[in-house]
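Return a 3D structure for these sequence lines:
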Amino acid sequence: MNWTTVADIRRQVISAWDRGSLLREMVVKESRFPMRLTLKRPSAGEMSGEFASVREWIAELRKLEAKGFRIVWREINHRIIGQNSLPDELWLDSPQDAVAFIGKQRDTARFQDLVKATRDPYPALLAWLAENPLKALGLADQWERLLAIVGWIQTHPRPNVYLRQVDAPGVHTKLIEQHRGVLSELLDIVLSQEVIASDAAGVRGFCRRYGFKEKPSRIRFRILDPALFLLSPGEEQDITITDRAFARLRIPVQRVFITENETNFLAFPSVSRSIVLFGAGYGFDMLAGARWLDQCSLHYWGDLDTHGFAILDQLRALFPHAESLLMDQQTLLEHRCHWVQETNPEKRNLCRLGVLEALVYDDLRFDRLGKHVRLEQERIAYSVLENTLRTIEDL
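Sure thing, here's the model as predicted:
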């Protein structure tokens, strides 16, 4: 039989809970209750052929009336079984009865506490609670602290301090960092648009969006010319400074190399009037302010795989004149014995590659040389690097 059972009804109510509909009733003014439930009834044929089962089905549904359900009955006059009352509609008149039916009273009471704690200080956030009731319930243990953070930022718009300096009851830096996503949603509602940097978004843009100081990015580089130095002469010129300091750096260099491998960075040969940067994979925002790089020849040395070319493509968004180093077909083929497999290769089109680079990239992404071919930069012979650098230095 396909009649609606008590188990089916329970699933319908649980589904309403999972959608947040029942908790939403605790916030909104216009209730969606009473809630009509889907009710599949016996057909006329089943009424006569399975009359005993139909009577049991009706008896089970009647028990629901004691749990807050309202049954609308319909009188039928069957040619075989005569006149009978059959459930025609099934309703729940209140969300309280619904949550009691599925045993969610404790969670509901907890959510009501969240609403109560929010209503007076931040009435504008009630709409957020109505839209995200289950999300809010998952944050119940931290809700008062999250509101305290919201209140502190509202009182100190664009504070120009580090997150560590937010001085609100029970609040610590990790709490803010862990909940930047939901805090952004709340702050966007509470704060005026004038104090929000709308061009900064997402978890990574939290500090800039709301006016906090950001941990400075740090750039590590080595000076490759023994005649140039920032530290004492004779000291290894392996230097790490903030991106702002790097942007103001004034070193008489003509060439800048970028490598993704630390061993390659440390072992990079001496080259006149040159430095080498230790790259960080995807993301070159830290170099964006160093416009003096526009006046240098810029060479990127990444892995000979699809992601290496994708990173090169990204670098060229900031520095279109950047050239690739040892990312050519000859280097790839000469080191066949060192090939490994790339995991999760890139497949998208890259619009900033040169013609020869694009050919190698296509060979890799379309598996023309083998499946997921990859040559890691540290596997390239050191003598090949030295010879290539001598050629560049002679230009």
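
Name the residues that touch the one helix or strand D113 maps to?
Using DSSP states H and E, D113 sits within helix 105-119. Helix 105-119 is contacted from outside by 22-23, 26-27, 96, 99, 125-126, 129, 133, 136-137, 140, 143-144, 147, using Cβ atoms under 8 Å, 6 or more residues apart in numbering. From N, CA and C alone the C-beta is placed, and that goes for glycine too.

Need the buried ones from those selected in ChimeraX.
Buried members of the contacts of helix 105-119 can be picked out in ChimeraX with the line below, counting by 16 or more other Cβ atoms under 10 Å:
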select :22,23,26,27,96,99,125,126,129,133,136,137,143,147
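
Find the pair from the contacts of helix 105-119 with maximum spatial separation.
Spatial extent of the contacts of helix 105-119 (Cβ to Cβ) is set by the pair Q96 and L147 at 26.0 Å.

And for the nearest residue to V340 once chain neighbours are set aside, the neighbour number?
Nearest residue to V340, sequence neighbours excluded (Cβ to Cβ, 6 or more residues apart in numbering): R374, at 5.2 Å. Neighbours of R374 under the rule other Cβ atoms under 10 Å: 21.

what about R374, which helix or strand?
strand 373-374.

in its sheet, what does that strand sit against?
Paired strands of strand 373-374, with direction, are strand 340-341 (antiparallel) (DSSP bridges).

Show me the shaky parts of the stretch 201-350 of the chain.
Scanning the stretch 201-350 of the chain for pLDDT under 70 picks out 280-282.

What distance do you get for I219 to L249?
Noted for I219: a distance of 9 Å to L249, by Cβ to Cβ, to the nearest Å.

Mutual contacts of those two, please.
I241.

Between those two, which has more neighbouring residues?
Per other Cβ under 10 Å, whichever of I219 and L249 has more neighbours is I219, with 22 against 17.

rewinding a little: buried residues, the helix holding D113. List them.
Neighbour count says helix 105-119 has 107-108, 110-111, 114-115, 118 buried, by 16+ other Cβ under 10 Å.

Nearest to A16 among those residues?
Nearest to A16, judged by Cβ to Cβ, of the buried residues of helix 105-119 is T108 at 12.5 Å.

pLDDT at the closest one, what is it?
The model reports T108 with a pLDDT of 95.

How much space separates it from V271?
69 Å.

what residues does the strand holding R374 touch?
Contact with strand 373-374 is made by 303-305, 332, 339-342, 363-364, 367, as judged by Cβ under 8 Å, 6+ apart.

Next step: those residues restricted to strands.
Judged by DSSP state E, these include 340-341 as members of strands.

Is it possible to get the contacts of strand 373-374 out as a markdown table so that each row also shows distance to W91?
Putting those into a markdown table (distance: Cβ to Cβ, whole Å) gives the following:
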| residue | distance to W91 |
| --- | --- |
| D303 | 64 |
| L304 | 67 |
| D305 | 62 |
| L332 | 71 |
| W339 | 68 |
| V340 | 65 |
| Q341 | 61 |
| E342 | 59 |
| D363 | 66 |
| L364 | 62 |
| D367 | 60 |
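
Endpoint to endpoint, stretch 72-92 covers what distance?
11 Å (Cα to Cα, to the nearest Å).

Check the offset of stretch 173-192 from the chain's centre.
Counting by Cα atoms, centre = their mean, to the nearest Å, stretch 173-192 is centred 15 Å from the centre of its parent chain.

same check, this time on stretch 322-330
Centroid displacement of stretch 322-330 relative to its chain, using Cα atoms, centre = their mean, is 33 Å.

again, but for stretch 360-367
The answer for stretch 360-367 is 29 Å, by Cα atoms, centre = their mean.

Could you do stretch 129-146 as well?
That offset, for stretch 129-146, works out to 19 Å (Cα atoms, centre = their mean).

what's the answer for stretch 386-395, then?
So, by Cα atoms, centre = their mean, the centroid of stretch 386-395 is 43 Å from its chain's centroid.

mean confidence for that stretch?
Mean predicted confidence for stretch 386-395 is 89.

Just the ones in helices from the contacts of helix 105-119, please.
Judged by DSSP state H, the subset of these located in helices is 22-23, 96, 99, 126, 129, 133, 136-137, 143-144, 147.

Identify the residues contacting the closest residue to H335 other than its chain neighbours.
What sits nearest to H335 in space, not counting adjacent residues and going by Cβ to Cβ, 6+ apart, is L375, at 5.4 Å. By Cβ under 8 Å, 6+ apart, the residues touching L375 are 303-305, 331-332, 335, 338-340.

Which stretches in the stretch 101-250 of the chain count as strands?
Taking DSSP state E, counting those that start in this stretch to define them, one finds strands in the stretch 101-250 of the chain at 218-223, 238-242.

got the angle between the longest one and strand 238-242?
Orientation check (axes from the mean of the first three to the mean of the last three Cα atoms, to 10 degrees): strand 218-223 against strand 238-242 gives 150 degrees.
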